[in-house]
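Q: need coordinates for the following:
(2 chains)
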Protein chains: 2
Amino acid sequence: MVRLIVLYSQPEDPAAFDAHYRDVHAPIVRRYPNLVSMRLTRADGVGGRPAAFYLMAEMSFVSRADLDEALASEPGRESGRDLRMFAQAGVTLFVADDEAATDA
Amino acid sequence: MVRLIVLYSQPEDPAAFDAHYRDVHAPIVRRYPNLVSMRLTRADGVGGRPAAFYLMAEMSFVSRADLDEALASEPGRESGRDLRMFAQAGVTLFVADDEAATDA
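A: Okay, here's the model as predicted:
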């Protein structure tokens, strides 16, 4: 599996962010071709410090090719445009290749 | 499960970073009490941009209480000191509560 990991910075208005994510953004992402699963996790802080991020979204695909195809698709491009509508606080994306992961 | 997620920024000398991680840091982390599993994943970029991070480490625990106990333990404090020895490029930590995760 390959995960597209999206880390959302703390929004100014969490309730508005959550509503937009649930009602607008997630439905677009669910239309990605090749999407195997999508997991949303709230980020908590460590050692008394607030978390560096508000929300982590993990989208799983069978391969990097499948992931790239999803991002290049119409819903992929739509989700990129939508990001700019509600993630003004900032967003960090990267890909984790779990096939190459090691259990240390 | 609860994951302690550590994102390492791109090191200046990746070979030295990898060697220190493998030979010094990972052995300390493996001594954490309550540690269920540890996964290391190289981060790749998206859309032609380099990844925001170099390496993601995910340490899994049964509960947040187990995780906090691990960080407060002697190996937990030792790993914190060791971070400052090899992760000069920067490190971002947060906790993902997978019990509260939603499949969207």
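Q: any stretches of chain A with poor pLDDT?
A: A:99-104 (pLDDT under 70).
Q: wait, does the longest helix seen in it contact chain B?
A: Across chain A, the longest stretch assigned as helix under DSSP state H is helix A:74-86. No - with C-beta under 8 Å from any C-beta of the partner chain as the criterion, chain B is not reached by helix A:74-86; the gap is at least 8.5 Å. Just so you know, the C-beta spots here come from the backbone N, C-alpha and C atoms, and that holds for glycine as well.
Q: who's in contact with that helix?
A: With contact meaning C-beta atoms under 8 Å, 6 or more residues apart in numbering or on different chains, helix A:74-86 is reached by A:11, A:16-17, A:20-21, A:24-25, A:28-29, A:31-33, A:70-71, A:91.
Q: so what's the gap between stretch A:20-33 and the chain middle?
A: From the chain centre to the centre of stretch A:20-33 is a distance of 10 Å (C-alpha atoms, centre = their mean, to the nearest Å).
Q: now swap in stretch A:43-54 and tell me
A: Relative to the mean C-alpha coordinate of its chain, stretch A:43-54 is positioned 18 Å out (C-alpha atoms, centre = their mean).
Q: repeat that for stretch A:87-101.
A: 7 Å.
Q: buried ones in it?
A: Going by neighbour count (16 or more other C-beta atoms under 10 Å in any protein chain shown), the buried part of stretch A:87-101 is A:87, A:91-97, A:101.
Q: which residues of chain A fall in strands?
A: Here chain A has its strands, by DSSP state E, at A:2-8, A:37-44, A:55-61, A:91-97, A:102-103.
Q: A:S37 versus A:M59, what's the distance?
A: Relative to A:S37, A:M59 is positioned 8 Å away (C-beta to C-beta, to the nearest Å).
Q: still on that earlier bit, just put the strands of chain A in CSV and tack on distance to B:A52.
A: Formatted as CSV, those follow (distance: least, C-beta to C-beta, whole Å):
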stretch, distance to B:A52
strand A:2-8, 8
strand A:37-44, 15
strand A:55-61, 13
strand A:91-97, 5
strand A:102-103, 21
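Q: which bits of chain A sit near chain B?
A: A:4-5, A:22, A:26, A:29-30, A:37-47, A:51-53, A:56-57, A:64, A:71, A:92-98, A:100-104.
Q: can you rerun that using 6 Å?
A: A:26, A:38-41, A:43-44, A:46, A:51-53, A:56, A:92-96, A:101-104 (C-beta under 6 Å from any C-beta of the partner chain).
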